[in-house]
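Enquirer: Got a predicted structure plus its sequence, pasted below:
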Amino acid sequence: MRHAGGKRNRVAIERAPCSNAVSVTFTGMRADAEALLRSMNQRVTRPRLAVLDVLLRANRALSHQEIESAARGAPMDRVTVYRVLGWLVEKGLAHRILGPDRVTRYVAERPGEHGHAHFACDGCGKVLCLHSSRVGRIGVPRGFRLQSVEMTAHGLCNHCTGSRAASGGR
């Protein structure tokens, strides 16, 4: 997609250290998101492009609220964001992670690439994918069918560890 002036559309994301706040300047869609949707023979729509682009550019799992805020420049309501997130999960383009604060967060995923663990900070709620930590094979009883496996390591991120050390561990 192109906007006035004929330039390729872009999204810029900035994060405060270990903050759950995501500041995004949205001026359109990203070619990576569009190419991924087309490679899977899926219909390309502005809401799908906007949400998938935000997820592809994020370096951590984002909540619905963060995604909605980040995609501000794309006209869509809260229900549309939920529907697109559900669709992305169903198609294997994103996965859900339940954080230690019981907030569902989403991460973009290339088809067939999931199978890694996650790290959840118990201090600030930040959730990261641990791509270098692969989840091994899980044996289930005969006649059972495994549908998904979730593995989450809990602890404190570098920011929260530093904050606690500075405050004397309180």
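Expert: That came in fine, so what should we check first? Residues are numbered from 1 along each chain as shown.

Enquirer: Model confidence score at L88, please.
Expert: As predicted, L88 sits at a pLDDT of 93.

Enquirer: quick one: contacts for R105?
Expert: A61, L62, S63, R96, I97, L98, G99, V127 (CB atoms under 8 Å, 6 or more residues apart in numbering). Bear in mind the C-beta positions are built from the backbone N, C-alpha and C, glycine included.

Enquirer: which regions of the chain sit below the pLDDT cut-off?
Expert: In the predicted model of the chain, residues 1-29, 110-115, 135-136, 163-170 satisfy pLDDT under 70.

Enquirer: The helix or strand harbouring E66 - contacts with which helices or strands?
Expert: Here E66, judged by DSSP states H and E, is contained in helix 64-70. Contacts defined by 3 or more CB pairs under 8 Å, 6 or more residues apart in numbering; DSSP states H and E place helix 64-70 against strand 22-26, helix 46-57, helix 78-90, strand 104-108.

Enquirer: How far off centre is it?
Expert: 10 Å (CA atoms, centre = their mean, to the nearest Å).

Enquirer: most remote residue from this protein's center?
Expert: R142 (34.2 Å; CA atoms, centre = their mean).

Enquirer: follow-up on the earlier one: what about the contacts of R105, which are in strands?
Expert: L62, S63, R96, I97, L98, V127 (DSSP state E).
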